[in-house]
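Trainee: need a 3D model of the following:
(2 chains)
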Amino acid sequence: MSTRTHDGGSRSSSSSSSEESGSGRRSSRAVLHWVGVHSLGVAAALFFVLPFVFLLLTSLMGDRQALTRDLWPHTWEWGNYAKVWHTPGFLTWWRNTLLYAGVGTLLTVVSSVPVAYALAKFRFRGRRLSLLLVIAMMMLPPQVVVIPMYLFWAKQLDLSGTLWPLIIPMAFGDAFSIFLLRQFLLTIPDEYLDAARVDGCGEVRTLLRVVLPMARPGIAAVALFQFFSAWNDYFGPQIYASDNPAAWTLSYGLESFKGAHHTNWNLTMAATVLVMAPVIVLFFFAQKAFVEGVTLTGVKG
Amino acid sequence: MPGTGTRPLRSKQRRSALRTAAFMSPWLIGFSVFFVYPLLSTLYFSFTQYDGFRQPSFNGVDNWSYVFSDYPLFWPAMRNTLWLVLVMVTCRVAFGLGIGLLITKIKTATGVFRTLFYLPYLAPPVAATLAFVFLLNPGTGPVNTLLDAVGLPTPGWFTDADWSKPALTALALWGVGDLMVIFMAALLDVPKEQYEAAELDGAGAWARFRHITLPNISPIIMFAVVTGVIQAMQYYAQPLVAGKVAAGVIGGSGQQFEPGYPDKSTLTLPQLVYNLGFQRFDYGTACVVALVLFALSMAFTALLMRRRGGLIGAGG
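Mentor: The predicted model follows:
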């Protein structure tokens, strides 16, 4: 197996492939190495997968069995999922979450792209300072500013119990999205922009016609991250929507679902699966964008 | 004539300044309305007594001295946050690096392994926490059932104050996929020639890791540590939901409960802001805790923004 090649992954062991004439001892060491790495891999995979497996198995148990130590369902209660789906409020939480995540993501992308473009490609005084402030804002725990923000939205604008205090701020550029997009736009060579300008394009047209098509993977990554951060948000809905169940989102509703069914682990796990599922389905459609985004934040400084 | 030559230039400069301002405007508004204004207000409220109904009244450093010397939840929350910063971040970075190394060595079904390692990172925090409270349920949870079957001790996990933070750490390790990807990318970027040269010199696996891998990826380790610390400062949904669900608190609005179940062990600083502000309606004191949180996270952000080994790097 030492002749297998992989995209740069084989390093320490690949050297043995060039010494195939080497002694049997060497190749048996390579076999041991292969076995060791792969058993570690399987052990790690179990750690990552087993929680999902137990989650699914429990979600398919009957009410009684879910309270026992059994690991395997006696009967497969697929009806649990229908029961959860038809729980009053569950569909409303879905609609609210889609609204928050969908509209919010759209607003974030539209408002963050021009800012990121300016930070990556314009030369202006205060550019470095602006970037530092974007990063500072990105690192700011939301709890630091929540008191005045709550008073602003709830007391001055009377929007408590709605999703607006969560959605509207997303129309004013999101720091993390700006930073991620800026990192991505830095990788687009200036020559393309200069060529467009020589052809008489203004900045807006250069951005729309030249930069945006090239920045599609970066925009996809930002959109996904933003979608999931809204999908996963617990603190925001807790602050602004907790006193109106009609405005709850999945993350916030899920916890109260457990409260209302505190003995029904099977239904709670079915609800948990239903909240996780869209994220995982979307991941399979957009793996590349996800991984690209994660890499961009950490590696390409 | 001095004016003739400079006028077109000046108007060109003004146009480009206007253009920059136009492109930056969403963020300029967002920064002022959602950062500068609330930060200054937080600072102001921290010196007042304020319940959200009556006008704020100035009370000097009363809130500050209350938080630091009399508020019974502050120091436990501070200790928990520091524990998470030290232990949870260390474990996550070490484990993320380990999984990153492992994935670069796996040569069979790499894509399947990588996907399996990555997926838990995507699980919504509240859902993942609920799942872990169930999995680590002391009486009937699958984990303790398995531990019992092989004769290992079965801790109380989320219901035992000594085990609740390790249980949260296990949850954080389950979601290590983001670090795995970052470390994997960094490891694949280490120049191969350095390994080959070291191997010729007879360096063993450990020596190669210590003298080649580690120095090459140290900026990424630094990045993972500092962002991990900032995440630990903001740690909110997981400990709160774990505490509430393990305590059997019915969720929903207006529920009063002693935060940090069991025995304040899952209490973090962000939870205090919520507890003080939105359950006790003591906005002034909540703002003090918010500012402590601000000071701590900005100190770590400053580390992140250093020119060398910092986040900004090329083109900054």
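
Trainee: in the stretch 1-150 of chain B, which residue sits nearest chain A?
Mentor: B:Gly30 (3.1 Å; C-beta to the nearest C-beta). Bear in mind the C-beta positions are built from the backbone N, C-alpha and C, glycine included.

Trainee: in terms of helices and strands, where is that residue?
Mentor: In the assignment (DSSP states H and E), B:Gly30 maps to helix B:2-31.

Trainee: list the buried residues in that helix.
Mentor: By neighbour count with 16 or more other C-beta atoms under 10 Å in any protein chain shown, helix B:2-31 contains the buried residues B:19-20, B:23-28, B:30-31.

Trainee: list the contacts of the residue of the stretch 1-150 of chain B closest to chain A.
Mentor: Taking C-beta atoms under 8 Å, 6 or more residues apart in numbering or on different chains, we find B:Gly30 in contact with A:111, A:169, A:172-173.

Trainee: quick one on the thing from earlier: export the buried residues of helix B:2-31 as a markdown table, with columns for pLDDT.
Mentor: Below are these laid out as a markdown table (pLDDT from 0 to 100):
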| residue | pLDDT |
| --- | --- |
| B:Arg19 | 91 |
| B:Thr20 | 93 |
| B:Phe23 | 95 |
| B:Met24 | 96 |
| B:Ser25 | 96 |
| B:Pro26 | 96 |
| B:Trp27 | 96 |
| B:Leu28 | 96 |
| B:Gly30 | 95 |
| B:Phe31 | 95 |
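
Trainee: okay, now residue 294: neighbour count?
Mentor: Unless you meant another one, I'm taking chain A. Using other C-beta atoms under 10 Å in any protein chain shown, A:Val294 has 23 neighbouring residues.

Trainee: chain B is the one I meant
Mentor: Going by other C-beta under 10 Å, the residues that sit close to B:Phe294 add up to 20.

Trainee: am I right that it is in contact with A:Val146?
Mentor: No: taking C-beta atoms under 8 Å as the definition, B:Phe294 is not a contact partner of A:Val146, at 11.5 Å.

Trainee: can you tell me the helix or strand for residue 229?
Mentor: Since no chain was named, I'll use chain A. Counting by DSSP H and E, A:Ser229 is part of helix A:216-232.

Trainee: meant chain B, my bad for not saying
Mentor: Short version, using DSSP H and E: B:Val229 is in helix B:214-233.

Trainee: using CSV, write out every CA atom in the very next helix or strand once past that helix.
Mentor: The helix or strand immediately downstream of helix B:214-233 is helix B:237-247, counting by DSSP H and E. Extracted as CSV, the C-alpha positions of helix B:237-247 are listed here (Å, rounded to 0.1, in the frame of the first residue of the first chain):
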residue,chain,number,x,y,z
ALA,B,237,-25.6,28.3,24.9
GLN,B,238,-23.9,25.0,25.8
PRO,B,239,-23.3,25.5,29.6
LEU,B,240,-26.7,27.2,30.0
VAL,B,241,-28.7,24.6,28.2
ALA,B,242,-26.7,21.7,29.8
GLY,B,243,-27.3,23.2,33.2
LYS,B,244,-31.0,23.8,32.6
VAL,B,245,-31.8,20.5,31.0
ALA,B,246,-29.7,18.5,33.6
ALA,B,247,-31.5,20.3,36.4
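
Trainee: point me to the residue of the stretch 51-200 of chain B nearest chain A.
Mentor: B:Ile182 (3.7 Å).

Trainee: so which strand or helix has that residue?
Mentor: helix B:177-189.

Trainee: grab the nearest non-local neighbour of A:Phe184.
Mentor: Leaving out its chain neighbours, the residue that sits closest to A:Phe184 by C-beta to C-beta, 6 or more residues apart in numbering or on different chains is A:Gly218, at 3.1 Å.

Trainee: how much space between the most centrally placed residue in chain B and A:Leu180?
Mentor: The centroid of chain B falls nearest to B:Gln231 when counting by C-alpha atoms, centre = their mean (0.5 Å). According to C-beta to C-beta, to the nearest Å, B:Gln231 stands 16 Å off from A:Leu180.

Trainee: shaky segments in the chain?
Mentor: I went with chain A, as the question did not name one. A:1-25, A:298-301 (pLDDT under 70).

Trainee: my bad, chain B
Mentor: Within chain B, the set of residues satisfying pLDDT under 70 comprises B:1-9, B:250-257, B:307-316.

Trainee: may I see the domains of it written out as residue ranges?
Mentor: B:7-61, B:72-308 (the TED database).

Trainee: surely the residue nearest to A:Phe184 is in contact with A:Leu181?
Mentor: Yes: the pair A:Gly218 / A:Leu181 is scored as a contact, 5.6 Å apart, by C-beta under 8 Å.

Trainee: any idea how many residues pack against the closest residue to A:His74 other than its chain neighbours?
Mentor: Take A:His74 and drop its neighbours on the chain: the residue closest to it by C-beta to C-beta, 6+ apart is A:Gln65, 5.8 Å away. By the criterion of other C-beta under 10 Å, A:Gln65 has 18 neighbours.

Trainee: same question, A:Ser177
Mentor: For A:Ser177, the count of nearby residues is 28 (other C-beta under 10 Å).
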